[in-house]
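Colleague: let me see the structure of the following:
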Amino acid sequence: MITDTLPFEKSFFVSDNWLWRKTWQHVGLNQAERRQIFARGGVGWFDAGMEWMEASSHAAYIVGFLDVLQHAASAITPEERARVEKQVLNGCDYLAILQDLAGKLPDQSGGIVHQSWKYDDVVLGSDTTKAAVCWARAARLLSGAHAGKKSEYKDRAVRAMAFMRERAKPCGAHGFHRQFHGAADDYVVPDEWMTRDLLQHLWAATELVQAGEPDFLDEAVALAEQVMARQVPSSDAAKYDGLYGHFRTFATGDLIEQAWCHNLEGKIAGADTGGHFPHWVVPLLYLSERHPDHPDAPRWRECVRDFAYGYFLPACSRNPFYLLPQGWYEGEGLVWFAGLWHGMNAAYGLAAALAWEFERSFDDDAFRNVFTGNVQWIAGLNAGITRDSLKGSVLFDTEIEPGVAMPVSLIHGIGARSAGCWLNIKGAIGNGFATGAQFKFDVPPTQVNDAPSSFTDEDWISHAGAWLSALARRQSR
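Modeller: Alright, predicted model coming up:
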């Protein structure tokens, strides 16, 4: 019951496009410029609440800025565009450093290492394809004033793709957390790329085609075929509580791919690391739209449609906030929060981006609630922090009476009441709600455990990039 004694605002502000106008500069430009100050060597970003500069998080933030250039160019001033481009250059140049470091390792030329100091001997295919996406899109979207960089980035993307075809290998069980994926302890991890990895590789290929490298179309078509072969058909919906169109993790077996799998459990950078693009079928959708005369175009579009209407929309609609679930688990069904290594606010931002793409492509406003629910959860329309949930927070604390759930903006410093995070940077977005301790797999992913019962407070630029990806698309109406 809400009474006058509870700490809730009696009024709130309503305005068209308010979230964009209120947040994008802080979440994007202002935050990035401050994080660059603390980056080693002055290139890239101090990416989290402590000194990390991961390849995957950089790619997510770059993607957010590139989405501003692609979808929101008419909503920003020339001065703002120049600042956005400067941050794209900053992020892409850091990824270039990581590629150069990989080139010094045996047989790793073209790949990228995970970070420029710690994990500087770890080359992941998942990082490499994300970097290729960023370089290919930057080559297309940066202004002509950066012609030299545009050419360099395209060349780097091509080299990254050569590495993926010729030398990259899946991680297998290395860094693959079985419980998180819903697999048994004795599950034998196939020597295959996860579906999320195939989708990132597909994205890189489609973006290189768009950047003027048509020879990559055949590679994109082959990757699309692999992805489609893993889709759950409508005939199997009864096995998944009426859901279909989602994807198996591997070609071998029936393990279902989750929306999110990022972790560094045991300090291992491996299979799961950087797994924060949820069910990212956008490249498959773009492939169908950009190549409508290709004989496979109807199948590509039908694959996306089946996912959008068979899984994405009904699964999100089973949550009162329309949140994207973490995924479907055998014997449990849909699970949203239980089992996470930390909160997955980036998945909500990217779920909103998916919802916008589906509404646009299928001309169906049924996806509007999913877009709104996922961004508003981050903006403050959420289950709220409680005295108990703050036990999951490492640094942030506030006074909350027992029995009160206090909704908060998860964007630091923005909103009538915002949650804190590790770095005092306005616009930083923390990990958000989960279960159990932050950075631990101490709660199994079961429905009985499934509640936003723990608030995880470390900030991370992956969440910021996803926020930009969602709101930038809304500017293209």
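
Colleague: OK, contacts around the nearest residue to residue 265 once chain neighbours are set aside?
Modeller: In space, residue 265 comes closest to residue 177 once its chain neighbours are excluded; the distance is 5.6 Å by Cβ to Cβ, 6 or more residues apart in numbering. Quick note: C-beta positions are derived from backbone N, CA and C, even for glycine. Applying Cβ atoms under 8 Å, 6 or more residues apart in numbering, we find residue 177 in contact with 261, 263, 265, 272, 341, 441.

Colleague: export those to a markdown table and tack on pLDDT and neighbour count?
Modeller: Formatted as a markdown table, these follow (pLDDT from 0 to 100; neighbours: other Cβ atoms under 10 Å):
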| residue | pLDDT | neighbour count |
| --- | --- | --- |
| 261 | 97 | 26 |
| 263 | 96 | 24 |
| 265 | 95 | 17 |
| 272 | 98 | 26 |
| 341 | 96 | 24 |
| 441 | 96 | 18 |
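
Colleague: export the residues you listed to TSV and tack on secondary structure and distance to residue 299?
Modeller: Shown next, in TSV, are these (DSSP: H, G, I helix; E, B strand; the rest coil; distance: Cβ to Cβ, whole Å):
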residue	secondary structure	distance to residue 299
261	coil	27
263	coil	34
265	helix	37
272	coil	30
341	coil	35
441	coil	38
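
Colleague: could you point out which of the residues you listed is nearest to residue 108?
Modeller: residue 272 (20.4 Å; Cβ to Cβ).

Colleague: shouldn't the closest one be in contact with residue 180?
Modeller: Yes. With contact taken as Cβ atoms under 8 Å, residue 272 and residue 180 are classed as touching, separated by 7.0 Å.

Colleague: which residues are in contact with both of those two?
Modeller: The overlap between the contact sets of residue 272 and residue 180 (Cβ under 8 Å, 6+ apart) consists of 261, 263.

Colleague: which residue ranges form the helices in the stretch 51-200 of the chain?
Modeller: With DSSP state H, counting those that start in this stretch, the ranges of helices along the stretch 51-200 of the chain come out as 55-71, 78-102, 125-141, 147-166, 178-181, 195-210.

Colleague: which one of those helices lies closest to residue 297?
Modeller: helix 195-210 (12.6 Å).

Colleague: now that closest one against helix 125-141, angle please.
Modeller: Calculated by axes from the mean of the first three to the mean of the last three Cα atoms, to 10 degrees, helix 195-210 forms an angle of 20 degrees with helix 125-141.

Colleague: which helices and strands sit right next to the next helix or strand after helix 195-210?
Modeller: Counting by DSSP states H and E, the next helix or strand C-terminal to helix 195-210 is helix 217-229. Applying 3 or more Cβ pairs under 8 Å, 6 or more residues apart in numbering; DSSP states H and E, one finds that helix 217-229 contacts helix 195-210, helix 282-290, helix 297-307.

Colleague: now with 6 Å?
Modeller: Applying 3 or more Cβ pairs under 6 Å, 6 or more residues apart in numbering; DSSP states H and E, we find helix 217-229 packed against helix 195-210.

Colleague: the helix it packs on - what's its average pLDDT?
Modeller: The pLDDT scores in helix 195-210 average 99.

Colleague: and the contacts of it?
Modeller: For helix 195-210, contacts defined as Cβ atoms under 6 Å, 6 or more residues apart in numbering pick out 126, 129-130, 132-133, 136-137, 140, 157, 216-217, 219-220, 223-224, 226-227, 230, 247, 249, 257, 275, 280, 283, 286-287.

Colleague: using PDB, write out every CA atom in that helix.
Modeller: Output of helix 195-210 as PDB, limited to C-alpha atoms (Å, rounded to 0.1, in the frame of the first residue of the first chain):
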ATOM      1  CA  THR A 195      24.300 -19.300 -32.000                       C
ATOM      2  CA  ARG A 196      25.000 -15.800 -30.600                       C
ATOM      3  CA  ASP A 197      28.600 -16.100 -32.000                       C
ATOM      4  CA  LEU A 198      27.200 -17.000 -35.500                       C
ATOM      5  CA  LEU A 199      24.800 -14.000 -35.300                       C
ATOM      6  CA  GLN A 200      27.700 -11.600 -34.500                       C
ATOM      7  CA  HIS A 201      29.700 -13.100 -37.400                       C
ATOM      8  CA  LEU A 202      26.700 -12.800 -39.700                       C
ATOM      9  CA  TRP A 203      26.300  -9.200 -38.600                       C
ATOM     10  CA  ALA A 204      30.000  -8.400 -39.500                       C
ATOM     11  CA  ALA A 205      29.600 -10.000 -42.900                       C
ATOM     12  CA  THR A 206      26.400  -8.000 -43.700                       C
ATOM     13  CA  GLU A 207      27.900  -4.800 -42.500                       C
ATOM     14  CA  LEU A 208      31.000  -5.400 -44.800                       C
ATOM     15  CA  VAL A 209      28.600  -5.900 -47.700                       C
ATOM     16  CA  GLN A 210      26.900  -2.600 -46.800                       C
END
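
Colleague: mind checking how far that helix is from the chain centre?
Modeller: 15 Å (Cα atoms, centre = their mean, to the nearest Å).

Colleague: ditto for stretch 207-224
Modeller: On Cα atoms, centre = their mean, the centre of stretch 207-224 falls 22 Å from that of its chain.

Colleague: in that stretch, which residues are buried?
Modeller: 207-211, 213, 216-217, 219-221, 223-224 (16 or more other Cβ atoms under 10 Å).

Colleague: likewise for stretch 52-67?
Modeller: 52-67.

Colleague: roughly how far does residue 162 sit from residue 458?
Modeller: 36 Å (Cβ to Cβ, to the nearest Å).

Colleague: higher neighbour count, these two?
Modeller: Neighbours were counted for residue 162 and for residue 458 using other Cβ atoms under 10 Å; residue 458 has more, 23 against 14.

Colleague: quick check: that one vs residue 46, distance?
Modeller: Counting by Cβ to Cβ - residue 458 and residue 46 are separated by 13 Å.

Colleague: same question, residue 355
Modeller: Separation of residue 355 from residue 46 (Cβ to Cβ): 31 Å.

Colleague: for the stretch 1-150 of the chain, give me the ranges with low pLDDT.
Modeller: Within the stretch 1-150 of the chain, the stretches with pLDDT under 70 are 1-12.

Colleague: hmm, 90 instead?
Modeller: By pLDDT under 90, the low-scoring segments of the stretch 1-150 of the chain are 1-16.

Colleague: and the next helix or strand past the helix or strand hosting residue 25?
Modeller: Per DSSP H and E, residue 25 falls inside helix 18-25. Going down the chain from helix 18-25, the next helix or strand is helix 31-37, by DSSP H and E.

Colleague: and the contacts of that next one?
Modeller: Helix 31-37 has contacts (Cβ under 6 Å, 6+ apart) with 45, 46, 87, 90, 425, 427, 428.

Colleague: try 10 Å this time
Modeller: Here helix 31-37 makes contact (Cβ atoms under 10 Å, 6 or more residues apart in numbering) with 25, 42-48, 53, 61-62, 64-65, 83-84, 86-88, 90-91, 94, 411-413, 423-429, 459, 461, 464-465, 468.

Colleague: which of the buried residues of stretch 52-67 sits closest to residue 172?
Modeller: residue 56 (18.6 Å).
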